[in-house]
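>>> Got a sequence here, can you build the structure:
(2 chains)
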Amino acid sequence: AQSVTQPDIHITVSEGASLELRCNYSYGATPYLFWYVQSPGQGLQLLLKYFSGDTLVQGIKGFEAEFKRSQSSFNLRKPSVHWSDAAEYFCAVGAGNAGNMLTFGGGTRLMVKP
Amino acid sequence: DAGVIQSPRHEVTEMGQEVTLRCKPISGHDYLFWYRQTMMRGLELLIYFNNNVPIDDSGMPEDRFSAKMPNASFSTLKIQPSEPRDSAVYFCASSLGSQGNYGYTFGSGTRLTVV
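Here you go, the predicted model:
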């Protein structure tokens, strides 16, 4: 079975600074990988996904993530953070087999300092 | 498409009362998921359906919880009787395929408070 670890529970960055949120997964083959964002009082919204091909994927709101097989990682990045990016971010992994559900990480809460 | 629609957005009820949460998935999606989110336990999968059939309910906490999907456009999650420890945000999500080529689409959630 697959698993996901988000090592950072909380991260604080200054507005305008760059951001990297870490995600490590465990799965024997090439996984399906997702990043979701949850704003306060809202449901989870899909930011981006990786299935195959180019290991650097672009998402909405200026986010990108890079799949690194050798490190079993799928870190989320943004070059310049805006105050509206303050939210909780979830990484998720799927195993690519029919009937196999997504597994979500514990989330990383991002706070943005003015 | 209006997305996944959940109702009510907020529910406050007294301990021992029955609570019913509702969900309308995206038209054409064949999977429906019920999640519970708390500060202590994070996001937990309670149950999921495929083509209206419950596939795995191993995440349902206890017999007080039940879920139904009478048709492709409607699902309910019922708690009877409710207890204070059931207080949480309950999310419904739907997808095309078990992992969704486009990921899962989540509703806005129902915030349940049991007093």
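>>> any idea how far B:Pro84 is from B:Met15?
6 Å (Cβ to Cβ, to the nearest Å). In short, each C-beta sits where N, CA and C put it, glycine included.
>>> roughly how far apart are the nearest residue to A:Gln6 once chain neighbours are set aside and B:Val115?
In space, A:Gln6 comes closest to A:Gly105 once its chain neighbours are excluded; the distance is 3.9 Å by Cβ to Cβ, 6 or more residues apart in numbering or on different chains. For A:Gly105, the distance to B:Val115 equals 32 Å [Cβ to Cβ].
>>> and the two? which has more neighbours close in?
A:Gly105 (24 against 10; other Cβ atoms under 10 Å in any protein chain shown).
>>> in the sheet, who's paired with B:Phe33?
Judged by DSSP bridges, the bridge partners of B:Phe33 are B:Tyr48, B:Ala93.
>>> okay, now it: neighbour count?
Neighbours of B:Phe33 (other Cβ under 10 Å): 26.
>>> If I look at B:Arg41, what pLDDT would I see?
Per-residue confidence (pLDDT) for B:Arg41: 88.
>>> Count the residues that sit near it.
Neighbours of B:Arg41 using other Cβ under 10 Å come to 10.
>>> Check the one 4 residues further on too.
Taking other Cβ under 10 Å as the neighbour definition, B:Leu45 ends up with a count of 20.
>>> Tell me the spacing between it and B:Phe33.
Distance, B:Leu45 to B:Phe33, by Cβ to Cβ: 6 Å.
>>> Mutual contacts of the two, please.
Shared contacts of B:Leu45 and B:Phe33, defined by Cβ atoms under 8 Å, 6 or more residues apart in numbering or on different chains, comprise A:Met101.
>>> what about the helices in chain B?
Read by DSSP state H, chain B holds no helices at all.
>>> Check which helices and strands whichever strand or helix holds A:Tyr89 sits against.
Element membership for A:Tyr89 (DSSP states H and E) is strand A:87-94. Under the contact definition 3 or more Cβ pairs under 8 Å, 6 or more residues apart in numbering or on different chains; DSSP states H and E, strand A:87-94 sits against strand A:3-5, strand A:32-38, strand A:73-78, strand A:103-104, strand A:108-113.
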